[in-house]
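Enquirer: next one to model:
(4 chains)
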2 protein chains.
Amino acid sequence: MEPGLRERKKQATRRALALAALRLTVERGFDGVLVEDIAAEVGVSPRTFNNYFSSKAEAICALAVDRAQRAGAALRARPPGEPLREAITATMLTELSGGAAPEHVPDRVWFEGLRMVLATPAMQGEYLRVRAAMQDALSAAIANRLGTGPDDLLPDVIGGAVAAACAVATQRWLHADPPVPLGPLVEEALRRLADY
Amino acid sequence: MEPGLRERKKQATRRALALAALRLTVERGFDGVLVEDIAAEVGVSPRTFNNYFSSKAEAICALAVDRAQRAGAALRARPPGEPLREAITATMLTELSGGAAPEHVPDRVWFEGLRMVLATPAMQGEYLRVRAAMQDALSAAIANRLGTGPDDLLPDVIGGAVAAACAVATQRWLHADPPVPLGPLVEEALRRLADY
DNA sequence: GTTTTTCTTGCGTGATCTGAAAGCTTACGG
DNA sequence: CCGTAAGCTTTCAGATCACGCAAGAAAAAC
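Expert: Predicted coordinates for the structure are as follows:
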């Protein structure tokens, strides 16, 4: 069953809105861009914007949510025999370092966008939803990998811990001066997690 | 330096607003209560409400944020010789089980309030800020306890992981049918964390 | 008791988000 | 093909929210 023109158009509009929201926010700041502006950039009415996203912040973080969810799929795709810890580390290194990025979002927009989201109270809540999305995706993938029952706490706990560790690494990465690569930070954060 | 009348009044107003916000929300749902209602309940103007809280959701979760931050102080207060893992577990068991609750908030309001916050998209972001507050408080306390340098990732990573584990336990607790006590869930979640 | 600071309040404004109905576009079946 | 059904977009209107500003009231400082 092909997606059909209608569905493809919808996805395209969604992506365009999310991207415009992110880009404009990076350029002008959260309060410097109105929903109206984003809609105008894409060529739709403001009301249509809210048919896709229930808030400006949600649109800005939509691409990040998509990316977070892909982490789950990536973890599922690791070789079945691989030990869990290695699989997770490898997955996170690949995903977070932007190697696999179907969205053609310029690196600087990602970076500055993240920095801005983290620094703006009105968007912090939404960013934490990104983390939650990643946690859920990881939990599901881990449960799938380990074949644990639905009552086992382990997948959720590990998913949450890994997401938290990655968030810490990302935070450090954003504020590192001089800049450092993200990979080693992620690796170290995950190692420290295992230390505990 | 005593708090002074002015400061005490401010804190009282703040608490009253936060409590009214929580209670009314539990009774009528997030959309069923207006900022105007909360202000009226406490006997201040709506404008004053926004002098204390920058959003309705923030007010609703304010008491939870206070509680989360107390976790850090509680961890600092554990005996210095105690192993970190034990100290954390003991702290979380005491704090989350409501044993130490200076706010005289009825248990049912806490429970239903949490359930409602978790179920309402408009408040989820704010709840995640509660988690962030707990994570920060724990990180600081852990760093203080271990005497680690400011560049060490471990305190932040552990703080995040513990906060995540507690959130998982809380989630299960809220949806457990039939109801189960929170303590054992927290204990197990923290144990699983160490398993990884 | 006066002065000064701080908090509260009322008013006005800009922005966000949502419901409902009308118009246009796509999909489907003959 | 063509007409009908379904879905999406748009316009319009309304409700709420959050905030800046200036004036008034309460507390603190002197």
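
Enquirer: distance of the residue of chain A found nearest chain B from A:L118?
Expert: As assessed by CB to the nearest CB, chain B sits closest to A:G125 within chain A, at 2.3 Å. To be clear about C-beta, it is placed using only N, CA and C from the backbone, and glycine gets the same treatment. Per CB to CB, to the nearest Å, A:G125 is found 12 Å from A:L118.

Enquirer: now do A:I60
Expert: For A:I60, the distance to A:L118 (CB to CB) stands at 12 Å.

Enquirer: between the two, who's got more neighbours?
Expert: A:I60 (31 against 15; other CB atoms under 10 Å in any protein chain shown).

Enquirer: in which helix or strand does the closest residue to that one other than its chain neighbours reside?
Expert: Leaving aside its sequence neighbours, A:I60 sits nearest to A:A21 (CB to CB, 6 or more residues apart in numbering or on different chains; 4.7 Å). Taking DSSP states H and E as the criterion, A:A21 maps to helix A:4-28.

Enquirer: what's next to that helix, contact-wise?
Expert: Outside helix A:4-28, the residues that touch it by CB atoms under 8 Å, 6 or more residues apart in numbering or on different chains are A:3, A:32-33, A:37-39, A:41-42, A:44, A:48-49, A:52-53, A:56, A:59-60, A:62-63, A:103, A:105, A:109, A:112-113, A:116.

Enquirer: does it come close to DNA strand D?
Expert: Yes - applying CB under 7 Å from any atom of the strand, one finds helix A:4-28 in contact with DNA strand D at A:6, A:9-10, A:13.

Enquirer: any chance of those residues in a markdown table, with pLDDT and neighbour count too?
Expert: Shown next, in a markdown table, are the residues of helix A:4-28 next to DNA strand D (pLDDT from 0 to 100; neighbours: other CB atoms under 10 Å in any protein chain shown):
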| residue | pLDDT | neighbour count |
| --- | --- | --- |
| A:R6 | 85 | 8 |
| A:K9 | 94 | 11 |
| A:K10 | 96 | 14 |
| A:T13 | 97 | 17 |
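
Enquirer: quick one: which of those residues is nearest to A:P178?
Expert: A:T13 (39.9 Å; CB to CB).

Enquirer: now name the helix or strand holding the residue nearest to the spatial centre of chain A.
Expert: By CA atoms, centre = their mean, chain A has its centre lying nearest to A:A64, at 3.1 Å. Using DSSP H and E, A:A64 falls within helix A:56-76.

Enquirer: relative to helix A:4-28, how tilted is that helix?
Expert: 110 degrees (axes from the mean of the first three to the mean of the last three CA atoms, to 10 degrees).

Enquirer: hmm, helix A:56-76 in reach of DNA strand C?
Expert: Yes - residues of helix A:56-76 contacting DNA strand C under CB under 7 Å from any atom of the strand: A:56-57.

Enquirer: and that helix, what does it pack onto?
Expert: Where contact means 3 or more CB pairs under 8 Å, 6 or more residues apart in numbering or on different chains; DSSP states H and E, helix A:56-76 is packed against helix A:4-28, helix A:35-42, helix A:84-96, helix A:107-119, helix A:121-146.

Enquirer: mind checking how far the first one is from the chain centre?
Expert: Averaged C-alpha coordinates place helix A:4-28 at 16 Å from its chain's average position (CA atoms, centre = their mean, to the nearest Å).

Enquirer: kindly report the same for stretch A:105-113.
Expert: For stretch A:105-113 - counting by CA atoms, centre = their mean - the centre lies 13 Å from the chain centre.

Enquirer: what sits up against it?
Expert: Counting by CB under 8 Å, 6+ apart, A:19, A:22-23, A:25-26, A:60, A:63, A:98, A:174 sit against stretch A:105-113.

Enquirer: quick check: mean pLDDT of it?
Expert: Averaging pLDDT along stretch A:105-113 yields 92.

Enquirer: and it, what's buried?
Expert: Using 16 or more other CB atoms under 10 Å in any protein chain shown as the test for burial, stretch A:105-113 gives A:105, A:109-113.

Enquirer: neighbours around A:N51, how many?
Expert: 13.

Enquirer: got a pLDDT number for A:R23?
Expert: 97.

Enquirer: so what's the residue count around it?
Expert: Neighbour number of A:R23 under other CB under 10 Å is 19.

Enquirer: go on, A:E27?
Expert: Using other CB under 10 Å: A:E27 sits among 11 other residues.

Enquirer: try A:G160
Expert: Residues near A:G160, counting by other CB under 10 Å, number 30.

Enquirer: low pLDDT regions in chain A?
Expert: Scanning chain A for pLDDT under 70 picks out A:1-2, A:98-103.
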